[in-house]
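>>> What shape does this take:
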Amino acid sequence: MKKDNLKEQINQYIEKIVNPLCRMADTIFDYPEMGFKEYKTSALLCDWLEERGFDMIRGVGGLDTAFHAVYEQGNGGPSIGLLCEYDALPIGHACGHHMQGPVMLAVADALKNVAINKPFKLVIYGTPAEEGLQGKARMLEKGCFNDIDVALMVHAGDHTTVDVKSLAGARLDAKFKGVAAHASLTPELTRDSLDGLLLALQGIEFIRGHVKNDVRLLCGIKDCVGMPSNTDQTSAEGYVVFRTYHSCDVEDLEKRLTDIFKGAALMTGTNVRVGKSLEMVGKLPSHMLNKLILDNAQNLSAPQILKPHREKTGATDFAFVSRHIPSAVCRVAFVPKGTPSHSQAFLDAGKSQRAHEAIRLGAKIIAGVVVDLIDSEETFQHVLQEHLDIKTAEENVTCNSTAV
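Presented below is the predicted three-dimensional model:
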């Protein structure tokens, strides 16, 4: 069967099954669950896949709400990973994650039930806790994603587009320890932990003028003298989160910020302990997968296609997967241009007709990309080789200090 005819059959199948999946997305929207606590959502997605004959493993990667479902036809074909997120934000599903699972269910079911005369394997990964908790990084450490050749995901947005870069960086936590003495009788014996922390935060403010323009610094006080939660009057705790689109600058930024904390301790006669509680890598792009996504979106007359595509997005744990295998995210427009994610406006559109259209369209786009990879061995091998070339090139780049 010709590829275009096959895609049309798959699109028709998606139309037959998509309405119940839109209702599923609405149901997920109505009971938003935070990272690692997506028990109802995970069960809903797993039950649906199990009922339709997919081989299912729940709780993979040591995470209760992660899952792994497989359908395989023949042997030796490409293994395509369909990844979905489903964690919410404190205000609810203001990032559109409630739509991702239903999209990938539609893709998987359509590809399983429409006759394709070549071998292939579909692996649906449920990936919890994307919002700051790095569920995919934890899954990768436990051996997940080793059974797929490429990874595809879909995400709601204000444009139909793809991304090239994402933010890299880390969070550093600093705990200052001082010495308490009588403030009136022996003030000379006091070494104030809060002085150390405040001096460090001031130093971070000064560094803003001496880093690359893309560097973002967020800092604050976690605990200190006078706060209700403070139980040790000789301690104070703070943090700094730094982000950059230049992955090779992360090590230098970490050292410079650590030195600021240490310098503040030295100036105030206090001690400081600095630890890294969160690390985020930048995306390794797959230009070929991005092109396949945009070509399929164009052929389906997707709304609000961004030309040229978006170069940058925020931090995401999908970046960890992208450094392991070729990976790409299809962003599908469902809100007016300029509407930011994590906003009330994004949340308000979560159960709209446009959200349902985005589910329908996202499924067709991703299914089309999978067909492209299955149909052409040459395309598939080019995707793999491009990833290897980009990864090798990045490893050979000499980083310039952000101090320059």
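>>> is it true that Pro102 touches Cys22?
Yes - the pair Pro102 / Cys22 is scored as a contact, 6.8 Å apart, by CB atoms under 8 Å. For the C-beta atoms, the positions are set from N, CA and C on the backbone; glycine is no exception.
>>> higher neighbour count, these two?
Each of Pro102 and Cys22 has its neighbours counted (other CB atoms under 10 Å); Pro102 has more, 31 against 20.
>>> For the more buried one, which residues are in contact?
Leu21, Cys22, Met24, Ala25, Ile28, Ile359 (CB atoms under 8 Å, 6 or more residues apart in numbering).
>>> now do 10 Å
17-18, 20-28, 44-45, 48, 84, 86, 154, 356, 359-360, 362-363 (CB atoms under 10 Å, 6 or more residues apart in numbering).
>>> By neighbour count, sort out the buried ones in those residues.
Applying 16 or more other CB atoms under 10 Å to these, the neighbour count classes 17-18, 21-22, 24-26, 28, 44-45, 48, 84, 86, 154, 356, 359-360, 362-363 as buried.
>>> How about Thr190, nearest residue that isn't a chain neighbour?
In space, and not counting its chain neighbours, Thr190 is closest to Ala181: 4.5 Å by CB to CB, 6 or more residues apart in numbering.
>>> Now that the one you found has come up, it's in contact with Pro187, right?
Yes - with contact defined as CB atoms under 10 Å, Ala181 reaches Pro187; the gap is 6.9 Å.
>>> Same drill for the two, tell me which one is more crowded.
Per other CB under 10 Å, whichever of Ala181 and Pro187 has more neighbours is Ala181, with 15 against 10.
>>> May I have the secondary structure class of the more buried one?
Assigned by DSSP: H, G, I helix; E, B strand; the rest coil, the conformation of Ala181 is coil.
>>> Glu188 versus that one, what's the distance?
8 Å (CB to CB, to the nearest Å).
>>> re earlier: which neighbours do Pro102 and Cys22 have in common?
Listed as contacting both Pro102 and Cys22 by CB under 10 Å, 6+ apart are His356, Ile359, Arg360.
>>> which one of these sits closest to Arg256?
Minimum distance to Arg256 across the shared contacts of Pro102 and Cys22 is 44.5 Å, recorded for Ile359 (CB to CB).
>>> and the strand or helix carrying Leu198, what does it pack onto?
Assigned by DSSP states H and E, Leu198 falls within helix 193-207. Other helices and strands packing on helix 193-207, by 3 or more CB pairs under 10 Å, 6 or more residues apart in numbering; DSSP states H and E, are strand 168-177, strand 216-223, strand 235-244, helix 250-268, strand 271-280.
>>> what's whichever strand or helix holds Val383 in contact with?
If you go by DSSP H and E, Val383 is part of helix 377-395. Contacts with helix 377-395, where a contact means CB under 10 Å, 6+ apart, come from 77-78, 80, 118, 120, 149-150, 247-248, 282, 284-289, 291-292, 322-328, 372-374, 376.
>>> about what we covered before: the buried ones among the contacts of Pro102 in strands, which ones?
The members of those that map onto strands under DSSP state E are Cys84, Val154.
>>> Filter the buried ones among the contacts of Pro102 down to just the ones in helices.
Cross-referencing the buried ones among the contacts of Pro102 against helices under DSSP state H gives 17-18, 21-22, 24-26, 28, 44-45, 48, 356, 359-360, 362-363.
>>> and the helix or strand harbouring Ile14, what other elements does it pack with?
Under the criterion of DSSP H and E, Ile14 resides in helix 3-30. Applying 3+ CB pairs under 10 Å, 6+ apart, we find helix 3-30 packed against helix 39-51, helix 100-113, helix 287-299, helix 353-375.
>>> quick one, which of those helices is packed in tightest?
Among the helices and strands packed on helix 3-30, helix 100-113 has the highest mean neighbour count (mean count of other CB atoms under 10 Å), at a mean of 26.
>>> CA atoms of that one as CSV?
Below are the C-alpha coordinates for helix 100-113, written out as CSV (Å, rounded to 0.1, in the frame of the first residue of the first chain):
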residue,chain,number,x,y,z
GLN,A,100,-0.7,13.6,25.9
GLY,A,101,-1.8,10.2,27.0
PRO,A,102,-5.0,10.1,24.9
VAL,A,103,-3.0,11.3,21.9
MET,A,104,-0.5,8.4,22.2
LEU,A,105,-3.2,5.9,22.8
ALA,A,106,-4.9,6.9,19.6
VAL,A,107,-1.5,6.7,17.7
ALA,A,108,-0.7,3.2,19.1
ASP,A,109,-4.2,1.8,18.5
ALA,A,110,-4.4,3.1,15.0
LEU,A,111,-0.9,1.7,14.0
LYS,A,112,-1.8,-1.6,15.6
ASN,A,113,-5.1,-2.1,13.8
